[in-house]
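**Student:** Any chance you could fold what I've pasted below:
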Amino acid sequence: MDLLIKTAKIGIWLILPLFILNGKGYDVRSAYVPLVEKGAYAFKTSGFLPSHIKGAANCHLVPGSQKSKGKYSTIELSFDQVDNNLIYKMGLVLSSLGPDKETALGVYRVSNQTLGFEPSKEGVFGYADVNVLGEQPFYTHKGKVKITREEANYLYGDVDLELRNFMGTTIHIEGKFSASRTDFDRKSRKKGH
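**Tutor:** Have a look, this model is predicted:
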């Protein structure tokens, strides 16, 4: 009986590496979207190098403001670079109908109504200025931003966006962020603390 158990263990240890090493059809790089620490972002990119970018993420929640079709609340996200070899700037404005939306949670999509320099409807407007791709800035073309969790000092979410410049060149950005909120003390300032 002991001989049978030992043989089975040895057999498993000989066969198991074959299954692990035989990862055909699985590209580790395409599945990689790293976890992020608080106040940071990590995005997988296509359309420019490097294929992964990371840095500091900040957000500011703006209470409802009157626009032509009603009151809109906005979330302004900014993504700052860390890599000194690649110069880029990125920002997103998420707009939602409602004077003071109770929560930022939800999915914000790029639509034709949000294309332009200031969104006039609910949705996402964003830009990316990537130095190595020339002087043409990129603007959100399609995709979505999902706010998954909200804390007093942080906003967590996922980004899956395609941006396009006026020449038709596109870049794709996908990943996670944990943005530091710069407005978290707004309520205490109103109370005079």
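**Student:** Might one say that Glu122 is in contact with Val107?
**Tutor:** No - when contacts are counted by C-beta atoms under 8 Å, Glu122 is not listed as touching Val107 (10.5 Å). C-beta: built from backbone N, CA, C; applies to glycine.
**Student:** In the sheet, which residues pair with Ser146? Tell me.
**Tutor:** To be clear, residue 146 is Lys; Ser isn't right here. Note on Lys146: beta-bridge partners by DSSP bridges are Val107, Asp158.
**Student:** before we move on, back to that, which one's more surrounded, Glu122 and Val107?
**Tutor:** Glu122 (19 against 13; other C-beta atoms under 10 Å).
**Student:** lowest-pLDDT helix or strand in the protein?
**Tutor:** None of the helices or strands of the chain scores lower by mean pLDDT, DSSP states H and E than helix 28-31, at a mean of 37.
**Student:** confidence score at Tyr154?
**Tutor:** Predicted confidence (pLDDT) for Tyr154: 91.
**Student:** Quick check: it touching Phe177?
**Tutor:** No - counting by C-beta under 8 Å, Tyr154 stays clear of Phe177, with 9.6 Å between them.
**Student:** more neighbours, those two?
**Tutor:** Taking neighbours as other C-beta under 10 Å, Tyr154 and Phe177 compare with Phe177 leading, 28 against 17.
**Student:** How much space separates that one from Glu135?
**Tutor:** Separation of Phe177 from Glu135 (C-beta to C-beta, to the nearest Å): 26 Å.
**Student:** Low-confidence ranges, the protein, go.
**Tutor:** Filtered on pLDDT under 70, the chain yields the residue ranges 8, 11-36, 49, 63-72, 82-87, 98-102, 112-121, 131-132, 183-193.
**Student:** Tell me where it has helices.
**Tutor:** Here the chain has its helices, by DSSP state H, at 2-21, 28-31, 186-191.
**Student:** What count of nearby residues applies to Arg164?
**Tutor:** Neighbour count for Arg164, taken as other C-beta under 10 Å: 17.
**Student:** What's the local residue count around the spatially closest residue to it that is not a sequence neighbour?
**Tutor:** Spatial nearest neighbour of Arg164, excluding adjacent residues (C-beta to C-beta, 6 or more residues apart in numbering): His141 at 4.1 Å. His141 has 16 neighbours, counted by other C-beta under 10 Å.
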